[in-house]
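> Coordinates for the following, if possible.
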Amino acid sequence: MKMAKADERDIEAAGSLIGLLDSLSRGHYPVLGEPSEDTPDYFDPDDKEHLKALYDALDGLLDKAPGFAGRVIGGMCYVILWDKNKIIDPDADTLELHPNLTSALRDEARLEHLLRHLPGNALRQVVGELSDTSDLIAFRSAIDAAIEARRKAECHG
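As a prediction, this is how the structure comes out:
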């Protein structure tokens, strides 16, 4: 699944929302930024003025970054944490890369090590001697082409 990426304004609004919710959960009066001298210390959910202040704070956040909650919360829940996307390890209790991604990163490091440290390696013969990072791109492209050619041959053979 793809979703619009949260920008800096979205992240700032999400941080402000976290602050508001945290204040409410502790019984404090919700305020964006620094409270003034006449800001109440606690939030009274039965006080219409307090409810109006909460509404105004939330409305202000939504005006500042329309749709931020969908991009920040939805992006995390429905893209990053969605098991089908294989971004986060579903078995970890903390945010850790999916095992497929960590394996791919190790494979990349192995490939780069082979290319840089094993002169005359048979892999180098695919594209010849590689001398710099731009050659690494050519090498990867050649491997991709070889994989695709093999896949096509297996499909038609």
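> Please list the residues outside stretch 14-26 that contact it.
Identification of contacts with stretch 14-26 by Cβ atoms under 8 Å, 6 or more residues apart in numbering yields 6, 29-32, 43, 54, 57-58, 61, 68-69, 72-73. To be clear about C-beta, it is placed using only N, CA and C from the backbone, and glycine gets the same treatment.
> Got the confidence number for the closest residue to residue 100 other than its chain neighbours?
Sequence neighbours aside, residue 86 is the residue nearest to residue 100 in space, at 5.2 Å (criterion: Cβ to Cβ, 6 or more residues apart in numbering). At residue 86, the model reports a pLDDT of 94.
> my guess is residue 86 contacts residue 101, does it?
Yes: using Cβ atoms under 8 Å, residue 86 is in contact with residue 101, at 7.2 Å.
> before we move on, the earlier item: next up, the contacts around the residue nearest to residue 100.
By Cβ under 8 Å, 6+ apart, the neighbours of residue 86 are 98, 100-101.
> By neighbour count, which of the residues you listed wins?
Neighbour counts for the contacts of residue 86 were taken using other Cβ atoms under 10 Å; the highest belongs to residue 98, with 17 neighbours.
> wait, that one sits on residue 91?
No: checked against Cβ under 8 Å, the pair residue 98 and residue 91 is beyond contact range at 9.7 Å.
> Quick test: name the residue nearest the centre of the protein.
What sits nearest the mean C-alpha location of the chain, by Cα atoms, centre = their mean, is residue 80, with 6.0 Å.
> In this structure that one contacts residue 89, no?
No: look at residue 80 against residue 89 with Cβ under 8 Å: they stay out of range, at 11.7 Å.
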